[in-house]
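Peer 1: No letters, just coordinates:
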């Protein structure tokens with residue numbers, strides 16, 4: 001059986017295509033590494049792109065150094081996908097450190113490698129390749145060009161799919177995966193999820209989108225039918241009143257307004273959903289509750305208090321999820337210059353409850369706040 005070192009030593013040459021290291025053991029630090037070949041002054045190098053603190057850092061290494069670099073990084077990461085012109089590799093590392101290497105022959109034609117040192121950003125949904133739902137939603141032209149005024153939306157969709165890519169190891173491939181999208185709106189990201197997971201990655205998924213707008217729901221159902229997305233359905237309704245399912249593997253809430261996010265998160269916790277992705281919006285509730293004698297001078301400025309209330313709201317939401325057994329992160333969804341609604345809460349269920357209840361209660365008491373999610377999880381509000 002090949003060892004990791006032997007696989008790496010044989011892979012970093014002119015036949016190397018790409019590698020992605022993901023699923024780190026520790027959430028603080030580098031969260032992903034992407035590797036690609038580059039040519040610099042006629043020398044073949046391997047560019048290692050490390051993602052941490054919402055920034056990308058680059059190293060250009062020769063083959064032997066790259067092999068050593070990856071071997072060391074796999075002490076930190078639990079998963080690696082790697083491609084050469086001949087083979088596809090998947091490397092998995094268990095919690096106890098046991099490594100499994102899966103090797104398969106390439107069955108499809110390998111696309112041409114771009115060796116340029118400074119290249120255009122690669123998107124999961126590529127420019128120049130027509131995607132039907134992006135065309136019908138007005139993001140792409142018939143030839144696959146991005147509509148100039150919709151480029152921010154295109155970037156947002158791809159950024160969201162990067163978060164989906166990161167949690168793929170959490171989704172089972174041996175059964176149907178149920179995804180609830182609460183407050184789906186025009187459903188750009190809902191269609192993107194279905195296309196990426198089912199069409200591109202072969203997952204058996206059922207997605208239910210929920211929103212209050214009748215015309216939007218009708219239009220989305222028509223598009224899903226048009227594309228043959230048999231297990232993508234859109235329903236009209238209020239998140240707090242939704243009773244159409246008693247389970248969900250993944251719950252998504254994108255810009256659900258104010259406490260609607262809390263009702264969605266409470267349902268996800270009740271189902272023990274494996275993955276939660278939430279981009280909160282319009283966090284007004286705590287703005288009317290927050291009070292503290294020491295911080296009173298800061299709260300006297302309306303704009304400052306509003307922003308502080310939004311940050312406190314989302315921080316407490318993350319802490320509640322941690323308490324309920326989720327490994328929780330708050331991440332930048334998309335650059336602030338494109339949208340102020342740029343915080344994403346990502347939570348993966350581990351079943352290991354946090355010991356932060358005392359700290360949460362102290363924070364609530366200090367600020368005189370009683371967030372809806374906290375009350376829902378205690379059963380003080382019946383959703």
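Peer 2: Nice, thanks for sending it over. Predicted, not measured: the structure shown is a model, and the values here were computed from it.

Peer 1: now residue 125, what's its secondary structure?
Peer 2: With DSSP: H, G, I helix; E, B strand; the rest coil as the basis, the three-state label of residue 125 is coil.

Peer 1: Find the helix or strand that the closest residue to residue 187 other than its chain neighbours is a member of.
Peer 2: Taking CB to CB, 6 or more residues apart in numbering, and ignoring the residues beside it in sequence, residue 187 has residue 220 as its nearest neighbour in space, at 4.8 Å. Every residue, glycine included, has its C-beta placed from N, CA and C. Assigned by DSSP states H and E, residue 220 belongs to helix 214-227.

Peer 1: Tell me the first helix or strand C-terminal of that helix.
Peer 2: Defined by DSSP H and E, the subsequent element after helix 214-227 is strand 232-236.

Peer 1: got a list of contacts for that next one?
Peer 2: 184, 187, 190-191, 194, 206-214, 217, 220-221, 224, 244 (CB atoms under 8 Å, 6 or more residues apart in numbering).

Peer 1: Give the pairing partners of that strand; include direction for each.
Peer 2: strand 205-211 (parallel) (DSSP bridges).

Peer 1: what's near enough to touch the residue nearest to residue 187?
Peer 2: 184, 186-187, 190-191, 209, 234.

Peer 1: can you pull out the helices in the protein?
Peer 2: 4-11, 63-73, 132-136, 151-167, 188-194, 214-227, 260-271, 296-299, 302-323, 357-367, 372-377 (DSSP state H).

Peer 1: Please enumerate residues in contact with the fourth one?
Peer 2: It stands for helix 151-167. By CB under 8 Å, 6+ apart, helix 151-167 touches 22-23, 31-32, 123-125, 127, 134, 139-140, 146, 188-189, 192-193, 196-197, 250, 254, 275, 277, 331, 333-334, 338-339, 344, 346, 348.

Peer 1: From these, list the buried ones, please.
Peer 2: For the contacts of helix 151-167, a burial check counting by 16 or more other CB atoms under 10 Å picks out 22-23, 31-32, 123, 125, 134, 139-140, 146, 188-189, 192-193, 196-197, 250, 254, 275, 277, 331, 333-334, 344, 346, 348.

Peer 1: Which ones among those residues map onto strands?
Peer 2: 22-23, 32, 250, 254, 275, 277, 331, 344, 346, 348 (DSSP state E).

Peer 1: Not counting sequence-adjacent ones, nearest residue to residue 102?
Peer 2: For residue 102, the spatially nearest residue (CB to CB, 6+ apart) is residue 90, at 4.4 Å.

Peer 1: Count the neighbours of the one you found for me.
Peer 2: Using other CB atoms under 10 Å, residue 90 is surrounded by 13 other residues.

Peer 1: Also residue 267?
Peer 2: 23.

Peer 1: cool, and residue 183?
Peer 2: 23.

Peer 1: Contacts only, for the closest residue to it other than its chain neighbours.
Peer 2: In space, and not counting its chain neighbours, residue 183 is closest to residue 256: 3.4 Å by CB to CB, 6+ apart. Listed by CB under 8 Å, 6+ apart, the contact partners of residue 256 are 182-183, 239, 264, 278, 280-281.

Peer 1: Need the mean per-residue confidence for stretch 133-152.
Peer 2: Mean pLDDT, stretch 133-152: 88.

Peer 1: Which pLDDT value belongs to residue 112?
Peer 2: Residue 112 is given a pLDDT of 69.

Peer 1: which residue is nearest the middle of the chain?
Peer 2: residue 163 (2.0 Å; CA atoms, centre = their mean).
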